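[1] pasting the sequence and the predicted coordinates here, then a few questions.
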Amino acid sequence: MSKFKKKGGNELPAISTASLPDIVFMLLFFFMVATVMRDNSLKIKNNLPSATEVEKLDKKNLVMFIYAGAPSDAYKSAGTEAKIQLNDKFADVKDIASFIAAERATKREEEIPQLTTALKVDRETNMGLVSDIEQELRKVNALKINYTTKKGSDMK
Amino acid sequence: MAKRSAPEVNAGSMADIAFLLLIFFLVTTTIEVDSGINSKLPPDIPPPDVKIKQKNIFTVQISTDNQLLVEDELMDIKDLRKAALEFIDNGGGTGDAKCTYCKGKRDPESSDNPAKAIVSVTHARGTEYGSFITVYDQLAGAYTILRNQYAERTYNRSFTEMEATYKDTKSSEFKSSKLKDKIEDVKNKYPRIISKAEPK
């Protein structure tokens, strides 16, 4: 017993807080890096139209995104015609069915009816392409859609 | 020159500075929430053969050069909401189809009641998506106005406010079944029937 007492002495040694800034900086960097928005990798122009009757898309994990629009300046080689983008790649209308199937496979079965497809379409796209997308979605029975828009009005 | 040892910089406040930065980033990084107009596609089965009276259909056509043809007449986008409002709230029906809560003109040549009134949007393949959304937004807006008016008359509060309260986790009526019934009632009185025809 006395052996330990002697070692402790009268004063408690101060805990070194020198590494605390490092720990906090690590956390800081983690948050700075982790909050990168996915939209950076868009290969198309995506100037969304504005609307006033908007509803928020909650339950982010239950949303599938389909982008469409003309290829952006960096991807001029892909042509000027409006294209569909699924998961960072240009895609064809035919690929939508497999894309939806792949998305559904990652979800639990009871969540599938709640899945919403968000159409992020550039405002200058022709409706023909949007109709084609919708027809494909109807074929695979993905009926809940959301025309993603900015809040505001386009009325002059 | 005499050799002097450099005084040690006190790093004790470093942690506080880092914490301040951390909290700043935590608070300011709001992850963008997408919003948009919800819609439902019809299932991919042949539609049942139901006869719909022409007077119950409000046709809106958008041409390739983004012009509007409403009920076969050229119309400006500014007048669309009002025209749709009048059509939906007309309540010209008699007998079973009579609309007791409509405040419209009761023109027998226009829609019977809101549940029967169908707004049909047709567009060409070349129509711009932006103008389609504007039209769709205006039509959806007409329904919102009617729902708000009905809710004000019946429950003394607007429909938009009711829906916001229902979804608000902080309100006392969060997910309350009473409020839900009211919302459903308003929705049933003015169901949003906007049909989107395939382009020809």
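    That came in fine, so what should we check first?
[2] number of residues surrounding A:Glu55?
    13 (other C-beta atoms under 10 Å in any protein chain shown). Every C-beta, even on glycine, is put in place using the N, C-alpha and C of the backbone.
[3] quick check, pLDDT for it.
    Listed pLDDT for A:Glu55 reads 84.
[4] identify the bridge partners of it.
    B:Gly36 (DSSP bridges).
[5] model confidence over stretch A:125-140, on average?
    The model assigns stretch A:125-140 a mean pLDDT of 89.
[6] which parts of it are buried?
    Within stretch A:125-140, the residues that count as buried by 16 or more other C-beta atoms under 10 Å in any protein chain shown are A:125-134, A:136-138, A:140.
[7] check what contacts it and list those residues.
    A:66, A:68-70, A:82, A:84, A:93-94, A:96-97, A:100-101, A:117, A:119, A:121, A:143, A:145, B:41-44, B:62, B:123-129, B:132, B:196, B:198-199 (C-beta atoms under 8 Å, 6 or more residues apart in numbering or on different chains).
[8] dump that stretch to PDB, keeping only the CA atoms.
    These are the backbone C-alpha positions of stretch A:125-140, laid out as PDB (Å, rounded to 0.1, in the frame of the first residue of the first chain):
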ATOM      1  CA  THR A 125     -34.900  20.100 -72.600                       C
ATOM      2  CA  ASN A 126     -37.500  19.000 -75.000                       C
ATOM      3  CA  MET A 127     -40.600  17.400 -73.400                       C
ATOM      4  CA  GLY A 128     -40.200  14.500 -75.800                       C
ATOM      5  CA  LEU A 129     -37.300  13.100 -73.800                       C
ATOM      6  CA  VAL A 130     -39.200  13.600 -70.500                       C
ATOM      7  CA  SER A 131     -42.100  11.700 -72.000                       C
ATOM      8  CA  ASP A 132     -39.800   8.900 -73.000                       C
ATOM      9  CA  ILE A 133     -38.400   8.700 -69.400                       C
ATOM     10  CA  GLU A 134     -41.900   8.700 -68.000                       C
ATOM     11  CA  GLN A 135     -43.000   5.900 -70.400                       C
ATOM     12  CA  GLU A 136     -40.000   3.800 -69.200                       C
ATOM     13  CA  LEU A 137     -40.900   4.500 -65.600                       C
ATOM     14  CA  ARG A 138     -44.500   3.400 -66.200                       C
ATOM     15  CA  LYS A 139     -43.200   0.100 -67.700                       C
ATOM     16  CA  VAL A 140     -41.300  -0.700 -64.500                       C
END
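[9] still on that earlier bit, strands - which of the contacts of stretch A:125-140 land there?
    Judged by DSSP state E, strands contain the following of the contacts of stretch A:125-140: A:66, A:68-69, A:84, A:117, A:119, A:121, A:145, B:62, B:123, B:196.
[10] tell me which of those residues is nearest to B:Lys98?
    B:Lys196 (29.0 Å; C-beta to C-beta).
[11] for the closest one, name its beta-bridge partners.
    Residues in beta-bridge contact with B:Lys196 (DSSP bridges): B:Val121.
[12] and it, how many residues sit next to it?
    Neighbours of B:Lys196 (other C-beta under 10 Å): 19.
[13] I'd assumed B:Val121 was in contact with it.
    Yes. At 5.3 Å, B:Lys196 and B:Val121 qualify as touching, with contact defined as C-beta atoms under 8 Å.
[14] from the contacts of stretch A:125-140, which would you call buried?
    A:66, A:68-70, A:82, A:84, A:96, A:100, A:117, A:119, A:121, A:143, A:145, B:41, B:62, B:123-124, B:127-129, B:132, B:196, B:199.
[15] and the strands in the chain, which stretches?
    Picked chain A for this. For chain A, applying DSSP E gives strands covering A:50-51, A:55-56, A:63-69, A:83-86, A:89-91, A:116-121, A:144-151.
[16] wait, I meant chain B there
    Ranges of strands in chain B, per DSSP E, are B:35-40, B:57-62, B:68-70, B:73-75, B:118-123, B:194-196.
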